[in-house]
Structures are given as C-alpha cells and as structure tokens.
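Q: Need coordinates for the following:
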Amino acid sequence: MDVSRVRFLGAGTALTAFGTTLLTPFIAAAATADEGDIKTLNTLAAFERAAIKAYQDGAGTGLLTPGVLTVAKGFLADHTAHRDALAAAVKAAGQTPGSDVAKVDYPTLKTQADVLKFAEGLERNAASAYLGVIPTFKDPALAKLTSSILGIETTHVTTLAAALQEATPYKFFIS
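A: Purely as a prediction, here's the structure:
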C-alpha cells in the first residue's frame with residue numbers, strides 16, 4: 001500500500017472530520033424529538049461505540065503501518081464525534097443516552113489488509129444503517145443532520161476501498 005496515497009486520503013478525512021462541528025444542530029433538533037427518534041439516535045450511538053472499539057482494537061494489533069494508523073485514528077475521531085453528537089442530542093431531549101455497544105463479529109486479523117477489510121465492512125454497515133434510518137425520523141431536522149454523518153461514513157468506505165484498491169460498489173444506495 002502506498003503510504004503517500006493513504007496520507008492523501010487521510011487529508012480528505014481530516015476535512016470531513018472538521019465538518020463534524022456542524023453536528024451541534026442535533027442538540028436543537030432533538031429538543032423536540034419523540035421517543036422513536038430518541039430510540040433511533042441511541043441505536044446509532046451504539047453503532048458508533050462499536051466502531052470506536054473496532055478502530056481501537058485494529059490500531060492495537062500492531063499490524064498497521066504508520067500512515068494507515070494515522071488514517072485509522074482520523075476515522076476513530078470521526079466516530080467519537082458522531083457518538084458525542086448523538087448522545088448530546090439525546091440529552092437535549094431530556095433523555096439519558098444509552099451505553100450499549102452494538103455487537104461486532106471480529107474476523108481473524110493477521111495482516112494490515114485483514115484489518116482494512118474488516119474496517120471497510122464495518123463502514124459499509126454503518127453507511128447502510130444511516131441510510132436506512134434517515135426516512136424514519138419524524139423530525140426532518142434530525143433526518144437532515146443524520147445525513148451529514150452518512151456522508152462521512154461513505155467517505156470512510158471509499159477511502160478504505162481505495163486503500164484496498166477495490167472498486168466501491170454502491171449497492172447500499174439502491175433500495
């Protein structure tokens with residue numbers, strides 16, 4: 001894997017992560033959210049906590065080159081920002097954020113490529129989850145704001161697919 005390519009792709013992630021500061025409108029939108037929307041926000045936060053753990057575990061394998069590790073840490077920061085925004089939204093609605101972590105089945109991780117394939121699968125699932133819940137929000141503001149996270153998740157998928165030198169299928173965009 002070309003480290004300069006990974007660094008270039010990581011720069012795009014840094015720009016995307018900067019956009020997470022725009023997630024603060026979640027708090028205002030959630031203040032009037034109903035129970036269904038709050039449940040959805042908590043479910044998404046459980047997925048984000050699973051992604052955080054997976055990236056921490058992947059980084060801890062010692063299998064990642066320094067350039068790839070830098071990108072993984074950027075993705076970890078994105079997922080942390082998503083989790084925090086979702087939890088803040090739940091709090092703004094007067095509810096207690098959940099602490100659940102979605103279950104993730106780990107494959108055997110023996111190489112950097114194994115870690116990247118695992119991460120790509122997680123990111124595809126995350127993108128699919130966000131895409132699936134957007135139309136279920138009763139509050140259109142929450143749907144719009146959740147769409148911003150979907151964009152970041154798809155950037156992660158594309159970055160990982162490029163790092164693995166795979167074509168990125170867009171099957172999760174087709175219902």
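
Q: right, and Thr80 touches Lys53 too?
A: No: judged on Cβ atoms under 8 Å, Thr80 makes no contact with Lys53 at a distance of 11.1 Å. All C-beta atoms are positioned from the backbone trio N, CA, C, and that covers glycine.

Q: Check Gly12 and give its pLDDT.
A: Here the pLDDT value assigned to Gly12 is 39.

Q: Tell me, how many residues neighbour Leu63?
A: Per other Cβ atoms under 10 Å, the neighbour tally for Leu63 reads 17.

Q: can you give me the helices in this protein?
A: According to DSSP state H, the chain carries its helices in the segments 3-18, 25-30, 35-59, 66-92, 112-133, 140-163.

Q: Would you mark the buried spots in the fifth one?
A: Right, the one you point to is helix 112-133. For helix 112-133, the neighbour count (16 or more other Cβ atoms under 10 Å) marks 112, 115-131, 133 as buried.

Q: just the longest one next, same as before
A: Of the residues in helix 66-92, 67-90, 92 count as buried by neighbour count, 16+ other Cβ under 10 Å.

Q: Low-confidence ranges, this protein, go.
A: Applying pLDDT under 70 to the chain flags the ranges 1-32, 166-175.

Q: again, only this time at 80
A: Counting by pLDDT under 80, the ranges of the chain that qualify are 1-33, 166-175.

Q: Now find how far off-centre stretch 85-95 is within its chain.
A: Mean-position distance between stretch 85-95 and its chain equals 18 Å (Cα atoms, centre = their mean, to the nearest Å).

Q: could you dump that stretch to CSV, C-alpha only?
A: Backbone C-alpha positions of stretch 85-95 (Å, rounded to 0.1, in the frame of the first residue of the first chain) are rendered in CSV as follows:
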residue,chain,number,x,y,z
ALA,A,85,-23.2,14.4,18.9
LEU,A,86,-25.8,11.7,19.1
ALA,A,87,-25.5,11.5,22.9
ALA,A,88,-25.8,15.3,23.2
ALA,A,89,-29.0,15.2,21.1
VAL,A,90,-30.5,12.5,23.4
LYS,A,91,-29.6,14.6,26.4
ALA,A,92,-31.1,17.7,24.8
ALA,A,93,-34.3,15.8,24.5
GLY,A,94,-34.3,15.3,28.3
GLN,A,95,-33.4,11.6,28.0
